[in-house]
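Participant: please work out how this folds:
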Amino acid sequence: MDLLRSLPLGLYLEQPQTWLHKLDPRVKFGWLMSFLTTYIFANTIWRVILVLVLIFITLLAWIPRRVWRQQMGWLLTLCFFVLAIASISPDGLGVKYQPRLPTTATAESLKPVNPVPTQSPTSQTPSPVNTAIAVDKKLQSLQSISTAKTAKKYRYVLFHQGPIKITRRSFDLAVRLSTIVFTVIYGTNLYLLTTAPEEITAGIESLMQPLRRLKIPVTEIALTLTLSLRFIPLVLEEVQNLGRSIVTRAINWKKLGWKGSVKVWMMVAERLLENLLLRASQMAGAMMVRGFTSPNEHRVQWHNLQLKGGDWLALMALLLFWGARLVVG
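Facilitator: Numbering: from 1, shown residues only. Model prediction:
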């Protein structure tokens with residue numbers, strides 16, 4: 001099964017057994033859901049923190065380098081290209097911004113037409129009108145100075161050189177896209193890497209026990225999930241065998257043309273569907289022979305789910321994780 005072993009994602013690492021392998025699958029599932037849910041409505045800093053936390057957990061678990069280098073390497077490369085392409089893409093804002101303060105011509109047109117009464121030279125007490133005008137001019141000068149300082153610090157266009165233009169909105173969207181791709185794909189992959197399929201189904205069934213009161217078939221759902229996870233390698237094996245059969249026949253695709261090529265691939269797809277249905281029938285027959293007539297009878301418990309000391313520490317760390325999300329994110 002070379003195709004299954006060469007896949008970079010979705011593999012279960014049987015050896016060596018790290019501390020992530022020994023954690024309860026329900027605790028790991030809670031961490032996975034936390035990574036996927038805290039990303040919603042989070043700021044850019046928290047999104048980057050999630051990426052760094054996933055990388056730190058991978059290094060802290062002492063997962064072999066040959067495993068995570070292939071998985072994390074191409075994923076980081078993909079995220080980098082997403083970041084670069086989204087940064088130089090148009091931000092979609094075609095708004096022409098206007099200054100907060102009116103220009104000189106606008107200010108001149110807004111001056112009152114009636115002349116302001118002047119103060120007699122003999123009187124030394126300033127009139128209220130002159131005082132108000134002086135205060136207004138001073139406030140406008142201070143406001144213009146503060147606006148100029150703010151304009152020097154804030155720049156909407158971060159980089160503009162030739163056709164390449166990076167704005168604050170485009171860069172923010174690029175960070176959001178690249179981080180969500182890495183968080184969703186690698187977080188799920190790390191969970192599958194350190195959790196056996198039977199542990200996943202057992203943990204999900206344990207978490208779904210309260211749904212029994214609503215007459216939801218929890219056991220049937222868990223059994224279906226277990227069989228589907230076990231059926232994935234069979235599908236990959238059939239695809240690999242059919243692909244090798246086409247390669248060994250050395251078909252000249254140019255002579256066949258597009259109609260002949262479509263006909264060949266339709267025959268391959270039909271053969272694949274027949275083989276998969278045959279495998280499913282054989283699996284169902286094997287279960288019936290062994291007495292698995294219903295999911296509630298002849299159940300086999302692969303794993304004894306029980307929270308240990310490391311699991312409680314992981315739950316405490318999860319509470320701190322959510323606290324950091326409320327403070328930082």
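Participant: rest of the way, CA atoms for contacts and neighbours
Facilitator: Fine.
Participant: low-confidence ranges, the chain, go.
Facilitator: The model of the chain has pLDDT under 70 over residues 1-10, 91-154, 291-304, 329.
Participant: what residues go with each domain of it?
Facilitator: In the domain annotation for the chain, the residue ranges read 8-93+151-196+304-329, 219-302 (automatic domain parsing).
Participant: need those in TSV with mean neighbour count and distance to residue 204, can you?
Facilitator: Shown next, in TSV, are these (neighbours: other CA atoms under 10 Å; distance: least, CA to CA, whole Å):
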stretch	mean neighbour count	distance to residue 204
domain 8-93+151-196+304-329	16	7
domain 219-302	13	7
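Participant: now those domains in CSV, with distance to residue 210?
Facilitator: Below are the domains of the chain laid out as CSV (distance: least, CA to CA, whole Å):
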stretch, distance to residue 210
domain 8-93+151-196+304-329, 15
domain 219-302, 12
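Participant: pretty sure residue 204 sits against residue 26.
Facilitator: Yes. With contacts counted by CA atoms under 8 Å, residue 204 reaches residue 26, the gap being 7.2 Å.
Participant: quick check, residue 165 in a helix?
Facilitator: No. Counting by DSSP: H, G, I helix; E, B strand; the rest coil, residue 165 is not part of a helix but strand.
Participant: beta partners of it?
Facilitator: When bridges are called by DSSP bridges, residue 165 pairs up with residue 160.
Participant: that one and residue 88, how far apart?
Facilitator: 6 Å (CA to CA, to the nearest Å).
Participant: helix or strand for residue 220, just tell me which one.
Facilitator: According to DSSP states H and E, residue 220 maps onto helix 218-248.
Participant: that helix - contacts with which helices or strands?
Facilitator: helix 2-6, helix 197-207, helix 253-289 (3 or more CA pairs under 8 Å, 6 or more residues apart in numbering; DSSP states H and E).
Participant: out of the ones you listed, flag the one nearest residue 237.
Facilitator: Among the helices and strands packed on helix 218-248, helix 2-6 comes nearest to residue 237, with 7.3 Å by CA to CA.
Participant: which helix or strand lies directly C-terminal to that closest one?
Facilitator: helix 19-22.
Participant: what sits against residue 203?
Facilitator: 25-26, 305 (CA atoms under 8 Å, 6 or more residues apart in numbering).
Participant: swap in 7 Å and give it another go.
Facilitator: By CA atoms under 7 Å, 6 or more residues apart in numbering, the residues touching residue 203 are 25-26.
Participant: distance of the residue most central in space within the chain relative to residue 86?
Facilitator: The centroid of the chain falls nearest to residue 180 when counting by CA atoms, centre = their mean (2.6 Å). Residue 180 sits at a distance of 13 Å from residue 86 (criterion: CA to CA).
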